[in-house]
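> let me see the structure of the following:
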Amino acid sequence: MKYFFRKIILILWRVWFYFLASVPIILLFPILAILALWNNGYPSIFWIARNIWAPFILFGSGFYVKAKFKNKLPVGKTFLLVANHSSYIDPFVMLRVSKNPFVFVGKKELVRIPIFGFIYKRAAIMVDRKSSKSRWGVYERSNKVINKGLSICIFPEKEYLDNSKMLNEFKRGAFKLSIDHQIPIVPMAFLDCKRKFPWHTNYGRPGKLRVETFSIIQPKKNHNQMEDLKKSTRTIILNALINDPLQKNKEAIDLEEKIKNSYFFQG
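This next block holds a predicted model:
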């Protein structure tokens, strides 16, 4: 019975989160639509997303972001922002971390969301993960973003929905992009999102969301080193998750295993 009521509270909390996410989009839609249709409107969309939308959702859901920077990111420079992806709140956390306007590389399926999809289609680099043609098209669309001086954010994990792993394997696309365009990579570790707001409603709680950023990696113009670039970036993030003093990712993994075994036992 105790678990049942806790589950209900978690579900209601999720519903509240989605409600908060939709309110600014609906209220600001006329302004966002105009900016989305304007060729140079994205920096204004980013400003609204970073300073209005993300704080509204995070604070309203009981979260606050605490970022620790290895080096402050120079404003006005183009970067490739790379982080682990373990929660629906990751994009909003990233918006609070980076003052530099950036564009997300995200799932094409999000276009189907009413109202939001109209803005998303014009403000993000969409990719159909099942289509190799779509994945290659990312590079062409990225060219336009980079030429405008904007940064790019990619969550490169292959099977990011698998909460039983500390960090899933990375895809190569982000690192090819970095080498092709000579964009410095900024590795980031989101230390609390997996524990505080996981993909499923098995657990979660409000609180501080810690982010640690690391030294900028300058890629060499050598595609033979792409695998090394991918591995070294992943290792930096993985080590941060493993060595986290609070061990929040491990705590989340242990909870997943406990819940899975509990369901198996009950079945």
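> and stretch 237-246, what's its mean pLDDT?
Across stretch 237-246, pLDDT averages out at 96.
> right, I mislabeled it, should have said stretch 147-157
On average, stretch 147-157 scores 92.
> next, the distance between the ends of it.
Stretch 147-157 has an end-to-end distance of 26 Å (CA to CA, to the nearest Å).
> mind listing the helices for the protein?
Applying DSSP state H to the chain gives helices spanning 2-27, 29-37, 42-48, 54-60, 90-97, 116-123, 132-147, 173-181, 193-196, 226-242, 248-266.
> with mean neighbour count and distance to residue 156 as new columns, can these be given to me in CSV?
Using the backbone N, CA and C atoms, a C-beta is placed for each residue, glycine as well. Below are the helices of the chain laid out as CSV (neighbours: other CB atoms under 10 Å; distance: least, CB to CB, whole Å):
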stretch, mean neighbour count, distance to residue 156
helix 2-27, 13, 24
helix 29-37, 15, 26
helix 42-48, 17, 21
helix 54-60, 18, 21
helix 90-97, 22, 12
helix 116-123, 17, 20
helix 132-147, 14, 12
helix 173-181, 21, 5
helix 193-196, 25, 16
helix 226-242, 17, 8
helix 248-266, 14, 17
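> so residue 182 touches residue 221, yeah?
Yes: between residue 182 and residue 221 there is a contact at 6.2 Å, judged by CB atoms under 8 Å.
> which of the two has more residues huddled nearby?
Remark: of residue 182 and residue 221, residue 182 carries more neighbours, 12 against 9, as counted by other CB atoms under 10 Å.
> what sits against that one?
Contacts here follow CB atoms under 8 Å, 6 or more residues apart in numbering; on that basis residue 182 touches 219, 221.
> same thing but at 10 Å, please
78, 146, 218, 219, 220, 221 (CB atoms under 10 Å, 6 or more residues apart in numbering).
> check residue 208 too.
Counting by CB under 10 Å, 6+ apart, the residues that residue 208 touches are 63, 64, 65, 66, 191, 192, 196, 246.
> what pLDDT does the residue nearest to the third one when sequence neighbours are not counted get?
Pointing back at residue 65 there. Excluding the flanking residues, the one nearest residue 65 by CB to CB, 6 or more residues apart in numbering is residue 96, at 4.5 Å. Per-residue pLDDT puts residue 96 at 96.
> I figured residue 96 was touching residue 52, is that so?
No: at 11.7 Å, residue 96 does not count as touching residue 52 under the criterion of CB atoms under 10 Å.
> got any ranges where the stretch 101-250 of the chain has weak pLDDT?
Along the stretch 101-250 of the chain, segments meeting pLDDT under 70 span 129-137.
> and the residue nearest to residue 65, how far from residue 66?
10 Å (CB to CB, to the nearest Å).
> which neighbours do those two share?
Common contact partners of residue 96 and residue 66 (CB under 10 Å, 6+ apart): 209, 211.
> and the helices of the chain as JSON lines, adding distance to residue 159?
Converted to JSON lines, the helices of the chain look like this (distance: least, CB to CB, whole Å):
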{"stretch": "helix 2-27", "distance to residue 159": "22"}
{"stretch": "helix 29-37", "distance to residue 159": "31"}
{"stretch": "helix 42-48", "distance to residue 159": "29"}
{"stretch": "helix 54-60", "distance to residue 159": "26"}
{"stretch": "helix 90-97", "distance to residue 159": "15"}
{"stretch": "helix 116-123", "distance to residue 159": "23"}
{"stretch": "helix 132-147", "distance to residue 159": "16"}
{"stretch": "helix 173-181", "distance to residue 159": "15"}
{"stretch": "helix 193-196", "distance to residue 159": "14"}
{"stretch": "helix 226-242", "distance to residue 159": "14"}
{"stretch": "helix 248-266", "distance to residue 159": "14"}
